[in-house]
Every structure is written in C-alpha cells, then in structure tokens.
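Colleague: for reference, the sequence and a predicted model appear below.
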Amino acid sequence: MKNIFQLTDDILVRLYEEGNNEAFEVLLMRYKSKVYTYIYLIVRNKELTEDIFQETFIKAISTIQQGRYAETGRFLGWINRIAHNLIIDHFRREKNENTFSADGIEYDIINNTRLSEKSVEDTINNDQVLTDVVNLINYLPQTQQEVIRMRFFEDLSFKEIAERTEVSINTALGRMRYALLNMRRIAAENDIQLELK
C-alpha cells in the first residue's frame, strides 16, 4: 500500500467515503493554501475569507459523505467551484441586506465605497474572471505554472522565485512573460474575457 500522502485525490475521496478521516486531512493539507488564496483574491477580507473557507470544506465533507462527489481527477477545481458558489451567495445576500428603507439607518450605505465602486454584477464578473485565470494556469507548462503561482499566490519576488527554482532572474522573468502570453492566447482561443470591472 502506498503512503497515504502519495495517493491521488480521487482515491483519498473514496477512502474518506469509506470512513477514513485521515484521507480527508491529507486533501485538506494538500489544498488548503490554494483554496484560501483563491477565496482571498476575490473577497479581499481576511475574516470573510476564513468564514467562506470553513464553509467550503464543510460543504465538501457533506457532499462526499452523501456520495455525491463525481470523480473527475480535479479535486481542486471541484472544491474551488464550491468556494466560488459560496462567494456568489455571500454577495447576493449582502445585496439583499443592503436594500433598505431610510428608517433607522445603522448601516452607512451612502459612504460605503465597496458598494459604490462595484455593482454585485461587476463583483460576480470579476469573480468569474479570477476563476478563469486560476483555471487557465492549469493549461500552462509546469515551469510557467510554478512562476505564476509563486508570484501571485505566494507573493514572492523574482529574485526569490529564481532562487527557489534554481534559475537566473532573467529566466524567471522570461517564464512569467511566456506564461502571461500563453494565458492571453488560450483565453482568446476559447473566447474567455479577462477584463476586471
């Protein structure tokens, strides 16, 4: 039997369905930073990110326990879709809560820059753009994926990326340039809009 940390996502899900709690802990350890970062990039609020992050994994556990996880070989994409839907639900709820009468206003809707700058539609659009960007990364060559993730998800400098990947800074910069060009090309070929509002 392989070490549990070397098993594929789908096998870990199956083991968890069969009652092996350690299997889910391995999945959590494997993807928690990526899911957390994905949520934070959209909501830009630490407390809200933590709430949605916890809700995402609770929903994932519930779905798996009900036998409703469809094996796709893409657990990260599946769990990010759950997070994505929870984020949209949050913004919809927020929109409904902020529909108000002028009686007894405790919430300063007039001076709330978050509401005045972007409509809920814009927020959902931006959310979709970020989802598309995260998904596009998976289509890049491994070396380019690495640079994008280190730069944008781990916030490393090109010097740090170069050191970690054992290449020159120019090579790291070149990989980033090609990664961005490839992402634009893939987006154009698949008619994916990457414009934030």
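Modeller: Yep, that arrived.
Colleague: what sits against the nearest residue to Asn138 once chain neighbours are set aside?
Modeller: Nearest residue to Asn138, sequence neighbours excluded (CB to CB, 6 or more residues apart in numbering): Gln145, at 7.2 Å. Any C-beta I mention is one placed from the backbone N, CA and C, and that applies to glycine too. Each residue near Gln145 by CB atoms under 8 Å, 6 or more residues apart in numbering is listed here: Ile137, Asn138, Ala179.
Colleague: quick check: which element contains the last one?
Modeller: Assigned by DSSP states H and E, Ala179 belongs to helix 169-189.
Colleague: contacts only, for Val35.
Modeller: Applying CB under 8 Å, 6+ apart to Val35 gives the contacts Phe53, Thr56, Phe57, Leu76, Ile79, Asn80, Ala83.
Colleague: same check, this time on Arg149
Modeller: Per CB under 8 Å, 6+ apart, neighbours of Arg149: Ile137.
Colleague: so what does Asn190 look like in phi/psi?
Modeller: Recorded main-chain torsions at Asn190 are phi -110, psi 10, according to degrees, to the nearest 10.
Colleague: tell me how many other residues surround it.
Modeller: Asn190 has 10 neighbours, counted by other CB atoms under 10 Å.
Colleague: check Glu22 too.
Modeller: When counting by other CB under 10 Å, one arrives at 11 neighbours for Glu22.
Colleague: list the contacts for it?
Modeller: Residues near Glu22 by CB under 8 Å, 6+ apart: Ile4.
Colleague: let's see 10 Å
Modeller: Listed by CB atoms under 10 Å, 6 or more residues apart in numbering, the contact set of Glu22 reads Ile4, Phe5, Leu12, Leu15, Tyr16.
Colleague: could the residues you listed go into TSV alongside pLDDT and secondary structure?
Modeller: Converted to TSV, the contacts of Glu22 look like this (pLDDT from 0 to 100; DSSP: H, G, I helix; E, B strand; the rest coil):
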residue	pLDDT	secondary structure
Ile4	92	helix
Phe5	91	helix
Leu12	93	helix
Leu15	93	helix
Tyr16	92	helix
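Colleague: farthest-separated two in those residues?
Modeller: Spatially, the most separated pair among the contacts of Glu22 is Phe5 and Tyr16, at 14.3 Å (CB to CB).
Colleague: comparing these two, which residue is more hemmed in?
Modeller: Tyr16 (21 against 10).
Colleague: pretty sure that one is touching Thr63, no?
Modeller: No - when contacts are counted by CB atoms under 10 Å, Tyr16 is not listed as touching Thr63 (11.1 Å).
Colleague: and for the two, which residues touch both?
Modeller: Any residue near both Tyr16 and Thr63 by CB under 10 Å, 6+ apart counts here, and that gives Tyr69.
Colleague: ok so, going back, out of the contacts of Glu22, which comes closest to Val133?
Modeller: Sorting those by distance to Val133 puts Leu12 at the head of the list, at 26.6 Å, by CB to CB.
Colleague: from Phe24, how far out is that closest one?
Modeller: Using CB to CB, to the nearest Å, one obtains 7 Å as the distance from Leu12 to Phe24.
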